[in-house]
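*Asks:* whatever this is, show me its structure:
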Amino acid sequence: MIKALTDKRVRAGWVKSVDARLVKSLSTAFDSPSSKGVVVRPDGQGRFRYKWGDTVVQLYLLPKPGPKVSLVVTNSKLSASTMVEERRALWRTALKALAQLVSRSN
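*Replies:* Numbers count the residues shown, from 1 in each chain. The predicted structure is shown next:
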């Protein structure tokens, strides 16, 4: 799952149907020289945080039994309720595309 986020070539495989603004924000965050990448704790939980405009996006990777992991995304400091709904729809599409890629790889 981490590789699907951090590797440019793998990421390109699932972001084709994702909004260009979200793709640009993810790519800029992961590919930036100052990026620390996904920080993984000893218990297997991972976290990646970045700024998208005036908002903050946090991705949490939570291990599950077997070879599974949950990815939870939060996007805080949104300026209006319309922005909440817009970002929710963008992330829903992105996570669905990511889930399809990961399920094909297994």
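*Asks:* rounded mean pLDDT for stretch 39-57, please.
*Replies:* Stretch 39-57 shows a mean pLDDT of 91 in the predicted model.
*Asks:* for that stretch, the distance to its chain's centre please.
*Replies:* The chain centre lies 9 Å from the centre of stretch 39-57; the measure is Cα atoms, centre = their mean, to the nearest Å.
*Asks:* again with stretch 22-33
*Replies:* Taking Cα atoms, centre = their mean, one finds the center of stretch 22-33 at 10 Å from the center of the full chain.
*Asks:* also stretch 37-45?
*Replies:* Relative to its chain's centre, stretch 37-45 lies at 15 Å (Cα atoms, centre = their mean).
*Asks:* what sits up against it?
*Replies:* Stretch 37-45 is contacted by residues 2, 5-6, 30, 46-48, 59-63 when judged by Cβ atoms under 8 Å, 6 or more residues apart in numbering. Backbone N, C-alpha and C define where each C-beta goes, glycine included.
*Asks:* what about these, which are in helices?
*Replies:* The helices, defined by DSSP state H, take in 2, 5-6, 30 from the contacts of stretch 37-45.
*Asks:* may I ask which of those has the most neighbours?
*Replies:* Among the ones in helices among the contacts of stretch 37-45, the one with the most neighbours (other Cβ atoms under 10 Å) is L5, at 20 neighbours.
*Asks:* OK, contacts around that residue?
*Replies:* Residues in contact with L5 (Cβ under 8 Å, 6+ apart) are 11, 26, 30, 38, 48, 59, 98.
*Asks:* now the buried members of these.
*Replies:* Applying 16 or more other Cβ atoms under 10 Å to the contacts of L5, the neighbour count classes 11, 26, 30, 38, 48, 59, 98 as buried.
*Asks:* so which elements touch the helix or strand Y50 falls within?
*Replies:* Secondary structure assignment for Y50, by DSSP states H and E: strand 46-52. Applying 3 or more Cβ pairs under 8 Å, 6 or more residues apart in numbering; DSSP states H and E, we find strand 46-52 packed against helix 20-31, strand 39-40, strand 55-64.
*Asks:* ok, for L62, nearest residue in space, not its chain neighbours?
*Replies:* Once flanking residues are discounted, L62 sits nearest to S70: 4.5 Å by Cβ to Cβ, 6 or more residues apart in numbering.
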